[in-house]
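*Asks:* No sequence on hand, only this structure:
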Ligand code: NI
């Protein structure tokens, strides 16, 4: 397993839609393990493939965030590794504060569906369905958005985005400086 380098805003990779995974093989399983490792190392609760520069439709989520990177057992049931996840139904509205490992230092209140049902393939290539509410539902929506090139700040009103423009400009300047 390896800790992968994070892709940071405003890298254009984050705006690219991902490709459907056609074969669940060892390469995909290794990618998911590395993504989980990276998520725990960064103390995140979710990570999507574009955030580590991959264009496969895969995400990892663990809203319990109990495991740290020095514990190499990935057996905790709270860890979800999802391939080709899609929201098949949703209901309700909920507002909560979100952040993103790719947009450091920015936290904003976003409205999401309160409950979602997500269909995906697991690591064995079996079809699974997850009914989620609360933080897990929010996290699943945030990560699945990433696979379509959508960032949480894209959900902000223009007014709100103007208010945090300075923060985003700073991230953009930092990005340009390291390139
Ligand atoms: Ni994110």
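*Replies:* Structure received. Not measured: the values here are computed from a predicted model.

*Asks:* Show me which strand runs longest in the chain.
*Replies:* Longest strand of the chain, by residue count under DSSP state E: strand 80-91.

*Asks:* What helices and strands are in contact with the helix or strand hosting residue 31?
*Replies:* Using DSSP states H and E, residue 31 maps to helix 26-41. Here helix 26-41 touches strand 46-48, strand 58-61, strand 80-91, going by 3 or more C-beta pairs under 8 Å, 6 or more residues apart in numbering; DSSP states H and E. The C-beta positions use only the backbone N, C-alpha and C, and glycine is treated the same way.

*Asks:* follow-up on the earlier one: buried residues, whatever helix or strand comes next after the longest strand of the chain. List them.
*Replies:* Downstream of strand 80-91, the next assigned helix or strand under DSSP H and E is strand 94-98. By 16 or more other C-beta atoms under 10 Å, the buried positions in strand 94-98 come out as residue 98.

*Asks:* so what does strand 94-98 touch, helix or strand wise?
*Replies:* If you count contacts as 3+ C-beta pairs under 8 Å, 6+ apart, strand 94-98 packs onto strand 108-112, helix 134-147.

*Asks:* for those, which one sits closest to residue 20?
*Replies:* helix 134-147 (9.5 Å; C-beta to C-beta).

*Asks:* Work out the gap between the closest one and the centre of the chain.
*Replies:* 7 Å (C-alpha atoms, centre = their mean, to the nearest Å).

*Asks:* State the mean pLDDT of that helix.
*Replies:* For helix 134-147, mean pLDDT rounds to 98.

*Asks:* what does stretch 35-52 give?
*Replies:* Mean predicted confidence for stretch 35-52 is 97.

*Asks:* Contacts for that stretch next, please.
*Replies:* 1-7, 13-14, 16, 18, 31, 34, 55-63, 65, 67-69, 74, 79, 81, 101-102, 135, 139-140, 142-144, 146-147, 149 (C-beta atoms under 8 Å, 6 or more residues apart in numbering).

*Asks:* hmm, 6 Å instead?
*Replies:* 1, 3-4, 6-7, 13-14, 18, 56, 58-61, 63, 65, 67-69, 74, 101-102, 139, 143, 146-147 (C-beta atoms under 6 Å, 6 or more residues apart in numbering).

*Asks:* Report the buried members of these.
*Replies:* Applying 16+ other C-beta under 10 Å to those flags 4, 6-7, 13-14, 18, 56, 58-61, 63, 67, 74, 101-102, 139, 143, 146-147 as buried.

*Asks:* pLDDT below threshold where in this protein?
*Replies:* Applying pLDDT under 70 to the chain flags the ranges 65-76.
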